[in-house]
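Predicted model, plus sequence, below.
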Amino acid sequence: GNSVTQMEGPVTLSEEAFLTINCTYTATGYPSLFWYVQYPGEGLQLLLKATKADDKGSNKGFEATYRKETTSFHLEKGSVQVSDSAVYFCAHGGGSQGNLIFGKGTKLSVKP
Amino acid sequence: DAGVTQSPTHLIKTRGQQVTLRCSPKSGHDTVSWYQQALGQGPQFIFQYYEEEERQRGNFPDRFSGHQFPNYSSELNVNALLLGDSALYLCASSLDVNTGELFFGEGSRLTVL
């Protein structure tokens, strides 16, 4: 069935470190892929997306590439900041784009 | 421009009771979806409303029902509450039924005792 698997957290990094959060998915067809972020005390918000194979989504220094051959959409950032501390969720559109399937989330803590 | 607003923010109920949660979508959005987020888990899709009709439904029992009003606001109703219904209930709005670009509210935290 449709699912999303992301690396378990929490992930703790020092400021300016490189970040990778792994995400793999199973789906029927080739759905759009998303990363959502939940900052402390705030609602989920879309961070970036990719709609087809080899697309790269990017925003706020974060990037993720839609890899059809490995069914992956890993999130990366070259230099994290304390303000990036949040919970990150990988998601895909499943069989119908309006119905998102989320991973369990990965909590990131960045220390100064 | 107000984003997605939900009420109440927190509530406590006992088993067997019924609860109604409310959501106002972001201005200009006509599609509303509801998600359940258990502690330590990702959100799970409950259903989606568009033009006052349920368009899609996830794997939730009939105890979960909803409604959308002409002004696009929405309600989520849960009957015969179970302990396992304790969760954060998220409302999300969007411009289109087929987009995954959702705008989420901060949620309603339901505790069932």
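Sure, I can see it.

in chain B, which helix or strand is least confident?
Of all helical and strand segments in chain B, the minimum by mean pLDDT, DSSP states H and E falls on strand B:53-57, at a mean of 93.

Give the buried residues for that strand.
Using 16 or more other C-beta atoms under 10 Å in any protein chain shown as the test for burial, strand B:53-57 gives B:55-56. C-beta here means a position set from N, CA and C on the backbone, and glycine is covered the same way.

which residue packs closest to the residue of chain A found nearest chain B, ignoring adjacent ones?
Proximity of chain A to chain B (C-beta to the nearest C-beta) peaks at residue A:102, 3.3 Å away. Nearest in space to residue A:102, with sequence neighbours left out and distances taken as C-beta to C-beta, 6 or more residues apart in numbering or on different chains, is residue B:42 at 3.3 Å.

How about residue A:3?
Closest to residue A:3 by C-beta to C-beta, 6+ apart is residue A:26, at 5.0 Å.

how would you label the closest residue in space to residue A:16 that isn't next to it in sequence: helix, strand or coil?
Closest residue to residue A:16 apart from its sequence neighbours, by C-beta to C-beta, 6+ apart: residue A:79 at 4.7 Å. Secondary structure state of residue A:79, per DSSP: H, G, I helix; E, B strand; the rest coil, is coil.

Count the residues that sit near residue A:79.
As a burial measure, residue A:79 scores 11 neighbours (other C-beta atoms under 10 Å in any protein chain shown).

thought it was touching residue A:60?
No. With contact defined as C-beta atoms under 8 Å, residue A:79 does not reach residue A:60; the gap is 11.7 Å.

Can you name the residues of chain A sitting close to chain B?
A:4, A:31-32, A:34, A:36, A:41-46, A:49, A:89, A:91-93, A:96-105 (C-beta under 8 Å from any C-beta of the partner chain).

What segments of chain A are strands?
Counting by DSSP state E, chain A has strands at residues A:3-6, A:11-14, A:19-21, A:23-26, A:33-38, A:45-50, A:56-59, A:62-65, A:75-77, A:86-92, A:101-102, A:106-111.

Now mean pLDDT too, for those strands, in a markdown table please.
Formatted as a markdown table, these follow (pLDDT from 0 to 100):
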| stretch | mean pLDDT |
| --- | --- |
| strand A:3-6 | 94 |
| strand A:11-14 | 97 |
| strand A:19-21 | 97 |
| strand A:23-26 | 95 |
| strand A:33-38 | 96 |
| strand A:45-50 | 96 |
| strand A:56-59 | 97 |
| strand A:62-65 | 98 |
| strand A:75-77 | 98 |
| strand A:86-92 | 96 |
| strand A:101-102 | 94 |
| strand A:106-111 | 97 |
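
so can I have JSON lines of those strands showing mean neighbour count?
Shown next, in JSON lines, are the strands of chain A (neighbours: other C-beta atoms under 10 Å in any protein chain shown):
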{"stretch": "strand A:3-6", "mean neighbour count": "19"}
{"stretch": "strand A:11-14", "mean neighbour count": "14"}
{"stretch": "strand A:19-21", "mean neighbour count": "18"}
{"stretch": "strand A:23-26", "mean neighbour count": "18"}
{"stretch": "strand A:33-38", "mean neighbour count": "25"}
{"stretch": "strand A:45-50", "mean neighbour count": "19"}
{"stretch": "strand A:56-59", "mean neighbour count": "15"}
{"stretch": "strand A:62-65", "mean neighbour count": "20"}
{"stretch": "strand A:75-77", "mean neighbour count": "20"}
{"stretch": "strand A:86-92", "mean neighbour count": "24"}
{"stretch": "strand A:101-102", "mean neighbour count": "24"}
{"stretch": "strand A:106-111", "mean neighbour count": "17"}
